[in-house]
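> Got a predicted model here, sequence first, then my questions.
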Amino acid sequence: MKRYKQFAVAGVALSTVGVLAGCGTVNTTTSGSTSTNTINQAGTWKTYTNDRFGFSVEYPSTWKTGPRSNDGDGRYFTTPSGMASFHNGYGLGVAKSDVMLVAVGTPNAVMGSGNGYNFKKMVAAFKENIPNKRRQQRFISESYTVVPNKWIVDTLVTKLGYGGIQYSEMYISLNTNQTITMIFPESKSNVYLPIWNYVSKKFRPGNKSG
């Protein structure tokens, strides 16, 4: 399932995203991942908690949950866009016209502590790479926040597929990269952007090393 590499912040060299559809817990009380929240755009929400990295993400309860895999990196969730002309840029097992929400974790194998980086050095390397990301052909915008000695929180917006837009938020630490990504038709931003805003606000990164 290497095809998922394109989703976790396209063009970000800090992350090597492998398998997205992983093990974890979807809305079960044993992992404390149940929730009942509502907003007008999505109705009732469920919570997925990833056992490997410890992060949790809320998703609309009516959306379909993607299949499990053996490595436990994360999961994806889909819903039909109703637009045959929209192409989400993905293929295997996912309808091209589906809206996608993806949550994934990977070890930070590029600029992490395993390669001799401390937090200050990691931040410097991240900043050095910013111009390369912003030169990407389908780049729209980027913003980031540094939480001292904990995370770089990188938010990136790019065009993806045919008529699609991708919002990604990556939490980068010395041990892991934990990313949520949503892909939807740009022409339906008024429908899906409020959902993304809610999901990204409610996302909770984990503290497991993976």
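Yep, it's here.
> Could you pick out the longest helix of this protein?
Looking across the chain with DSSP state H, the single longest helix is helix 119-134.
> immediately after that one, which helix or strand?
strand 139-147 (DSSP states H and E).
> hmm, back to that, what residues of the longest helix of the chain count as buried?
Neighbour counts over helix 119-134 (16 or more other C-beta atoms under 10 Å) mark 119, 122-123, 126, 129, 133 as buried. In this view, the C-beta of every residue, glycine as well, is placed from N, C-alpha and C.
> would you turn those residues into JSON lines with distance to Asn197 and pLDDT?
As requested, the buried residues of helix 119-134 are exported to JSON lines (distance: C-beta to C-beta, whole Å; pLDDT from 0 to 100):
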{"residue": "Phe119", "distance to Asn197": "28", "pLDDT": "97"}
{"residue": "Met122", "distance to Asn197": "28", "pLDDT": "97"}
{"residue": "Val123", "distance to Asn197": "26", "pLDDT": "97"}
{"residue": "Phe126", "distance to Asn197": "24", "pLDDT": "96"}
{"residue": "Asn129", "distance to Asn197": "26", "pLDDT": "93"}
{"residue": "Lys133", "distance to Asn197": "22", "pLDDT": "89"}
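> where in this structure is pLDDT low?
1-42, 69 (pLDDT under 70).
> how about the strands in it?
Along the chain, the stretches classed as strands by DSSP state E are 25-26, 38-39, 43-49, 56-60, 64-65, 74-80, 98-107, 139-147, 151-160, 164-172, 176-185.
> quick one on the thing from earlier: which single one of the buried residues of helix 119-134 is nearest to Tyr76?
Lys133 (22.9 Å; C-beta to C-beta).
> just checking, that closest one touches Ile140?
No: using C-beta atoms under 8 Å, Lys133 makes no contact with Ile140, being 11.2 Å away.
> Cross-check the contact I'm expecting between Asn207 and Arg52.
No: Asn207 lies out of contact with Arg52 (C-beta under 8 Å); the separation is 12.0 Å.
> higher neighbour count, those two?
Shown here are Asn207 and Arg52; by other C-beta atoms under 10 Å, Arg52 has more neighbours (19 against 12).
> Can you read off the backbone torsions of the more buried one?
When read as degrees, to the nearest 10, the backbone of Arg52 gives phi -70, psi -40.
> how near is it to Gly164?
28 Å (C-beta to C-beta, to the nearest Å).
> Likewise for Asp98?
As defined by C-beta to C-beta, Asp98 lies at a distance of 11 Å from Gly164.
> Now do the shared contacts for those two.
Asn88 (C-beta atoms under 8 Å, 6 or more residues apart in numbering).
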